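Novice: need a structure here:
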Amino acid sequence: MKNIKLSLIAIAVIGLNGCFVEGDDGTNGTNGINGVAGQDGTNGINGVTGQNGTNGQDGSAGNTSLLLQTNLIIGDINCPNSGVRFDSGIDVDTSGTLEPSEITSTNYVCAPGITEVSSTQLLTSLNNQWFIDGAALVSQNKNTWLTATSGAVAQSNSGNSNIEQQVTSYETNSPAQQAALIEQLKGSAKNIILFVGDGMGVSTVTASRILEGQMNGQFGEENSLSFDRFPFAGLAKTYNVDAQTPDSAGTMTAMVSGVKTDVGVIGVDENIERGNCSTVAGNELVTALELAELAGKSTGIISTARITHATPAATYAKSADRNWEDISDMPEAAVTAGCKDIAEQLVNFKANLEMRFEGSNVNGLEVVFGGGRRHFLPRDAAFNSSDAASAVEGDRTDGRDLTAEWSLTYPAGSYIFDQIGFNAIDTETTTHVFGLFNESHMQYEADRANDIAGEPSIAEMTAKAIAILDNNPLGFFLSIESGRIDHSHHAGSAFGALTDTIAFSDAVAMADEMTNDEDTLIIVTADHGHVFTIAGYPKRGNPILGKVVSVGQTEVSLAADGQPYTTLGYTNGRGFQNLGNEVTDADASYSMPIAAGRQDLTDVDTASTGFHQEALVPLSSETHSGEDVGIYAKGPGAFLLNGTNEQNMIYHVMDFASDLSGGVNNTQ
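Specialist: This is a model prediction of the structure:
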């Protein structure tokens, strides 16, 4: 079988379906050879000249050969980007139809993948030093892995120095075979799932692990979250180009585009000037989600925050300011200059991508689940949903209902806003779904039961999304954010952050269960951490949300000021609140006065849902931290996530695993 790569124009020139040609007649027979002249007789007369040979008979007519041409749709196993199949053979039974048993040769003329865009369309990324360095780190980590798993013997540092150790992961006989194995893994991930726990620093992972274990009757410390059990792990350095302690816009842009950038901007490089619309053009970056879309994969985004918030927006939008979630948030100068708000960019994602990449034809985002309904609706009570929490739900000042515009773009799609609509989605027949489950952010996991119209959990959204996206034989790219871990930390509630992290872990477990390690790369990480600490010297199994009880003791420990203190706390923020078990909304602290500093916790139930930990430095909101965050991975390419990495390298690992940009000409 031959697989020929031609342009779409070449395919169009070839012709229509069902063409066939007659077989050639047999060739004429060869003329007979002239007779040989007789030899001269001895002293006699000359011999008689021989006669010419008779002409050969014409060959009999040959059997008819047929050529059958069939157009192939996008997603065909032999021509994933569409094309034409040519079957040829001899019409042995003279029926005029080429039967399967008569086919002797099959050739394919395949349309090239749209990922083969010209280098000029990707120059902003390709020429960026962060992008170049990230690609180099992938090569470096390949070598690190090769060194660790090459099968070379190493001297033991313990016991008998003559004992040798084997450190090998795969059955290979030489470094060359090991290197070949790595290259074979390139492009082997049909599916990519990127999980981002917003604000899920290492201390948050540790405390959540302990809390989940204690909720299940264990001491807690020995427990593992779902992604703790992934075979590969590393660390990511989270700083932005212009900031030691980062924000989510810059960090998520790094993860999905391969390029670090500034605080507060989305989908653009560091040459942007925040808030200046005119600096967007020419500085736009291409994201992994966009490349997946161009390659014919299905795509989806999920967030428990507003779907226009920084982390989800970085996958699809280009904005000089993360706060431009709808037109009412934008300065008049930016609107006049032609910049579009983030909500509009989401609804017009398909059209925008096709305009940027001339000649492309994409399906658009198949799955969008999250909050933020207010940014898609006009500021008019007539457009309120039954789930509205405000008298006027919408914020848009241009009168546009973007949910209706989305439905016009995808007439076969489903727009939903509550649990009933979510439950009604048929994952086998749904082509596109747009779910906005709250006016602003979705509820905290602890508060989800109090939602007006009901909303799905992050695990339920994950399962539904995968069931829809995996209908595409070319695979999918799915970004999933647990956005409210971050929000609960900002509010000073460890309970809210930890319970949302546990729900996030459940979503990861669901994705792991529904996919195959052989063709799906799952990465779990955070965009940044928080100034959240696990302190004191509590004994094993001490309630992680409780007060410190030291090893060997039964009574709470007292600080130098004579008062008890909790294991968990914050370096800064709003500080202590004792709102009891009736309050499950971490944001309730914003309606209370700031109460930083030490408090008498003697009679306080610090494990209650409404307790907010003490904070040292008084601030209106607790802040992010600048330390590294964990990366956990499994599936094709996961081995590249080892050691300490620049955060933008995550993109390059995803690109390697699925070969998203494989067709791009990297020559400058």
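Novice: Could you use CA atoms for every contact and neighbour count after this?
Specialist: OK.
Novice: Any regions of this structure where pLDDT drops low?
Specialist: 1-63, 73-77, 80-82, 111-123, 143-175, 177-178, 662-668 (pLDDT under 70).
Novice: Domain map for it?
Specialist: 1-20+63-112, 194-229+282-312+326-530, 532-622 (automatic domain parsing).
Novice: how long is the last one end to end?
Specialist: In this case it means domain 532-622. 9 Å (Cα to Cα, to the nearest Å).
Novice: begin at 752 from here
Specialist: Will do, 752 is the new start, and the previous item becomes domain 1283-1373.
Novice: The domains of the chain: which one's closest to residue 992?
Specialist: In terms of Cα to Cα, the element of the domains of the chain nearest to residue 992 is domain 945-980+1033-1063+1077-1281, at 14.3 Å.
Novice: wait, residue 1131 sits on residue 1145?
Specialist: Yes - using Cα atoms under 8 Å, residue 1131 is in contact with residue 1145, at 6.4 Å.
Novice: quick one: buried residues of stretch 1220-1240?
Specialist: Neighbour-count burial for stretch 1220-1240, counted by 16 or more other Cα atoms under 10 Å, picks out 1220-1222, 1224-1240.
Novice: ugh, typo on my part, it should be stretch 1149-1168
Specialist: For stretch 1149-1168, burial by neighbour count (16+ other Cα under 10 Å) applies to 1152-1154, 1157-1158, 1161, 1164-1168.
Novice: Please convert these to TSV, extending it with distance to residue 1306 and secondary structure.
Specialist: As requested, the buried residues of stretch 1149-1168 are arranged in TSV below (distance: Cα to Cα, whole Å; DSSP: H, G, I helix; E, B strand; the rest coil):
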residue	distance to residue 1306	secondary structure
1152	60	coil
1153	58	helix
1154	57	helix
1157	60	helix
1158	61	helix
1161	63	coil
1164	60	coil
1165	57	strand
1166	55	strand
1167	52	strand
1168	49	coil
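Novice: These into JSON lines, with extra columns for distance to residue 1000?
Specialist: Shown next, in JSON lines, are these (distance: Cα to Cα, whole Å):
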{"residue": "1152", "distance to residue 1000": "26"}
{"residue": "1153", "distance to residue 1000": "23"}
{"residue": "1154", "distance to residue 1000": "24"}
{"residue": "1157", "distance to residue 1000": "25"}
{"residue": "1158", "distance to residue 1000": "28"}
{"residue": "1161", "distance to residue 1000": "28"}
{"residue": "1164", "distance to residue 1000": "29"}
{"residue": "1165", "distance to residue 1000": "29"}
{"residue": "1166", "distance to residue 1000": "27"}
{"residue": "1167", "distance to residue 1000": "27"}
{"residue": "1168", "distance to residue 1000": "26"}
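Novice: what's the closest of these to residue 1141?
Specialist: Nearest to residue 1141 among the buried residues of stretch 1149-1168, counting by Cα to Cα, is residue 1168 at 15.3 Å.
Novice: what about the closest residue to residue 1388 other than its chain neighbours, how many neighbours?
Specialist: What sits nearest to residue 1388 in space, not counting adjacent residues and going by Cα to Cα, 6 or more residues apart in numbering, is residue 1408, at 4.9 Å. Neighbourhood size, residue 1408 [other Cα atoms under 10 Å]: 26.
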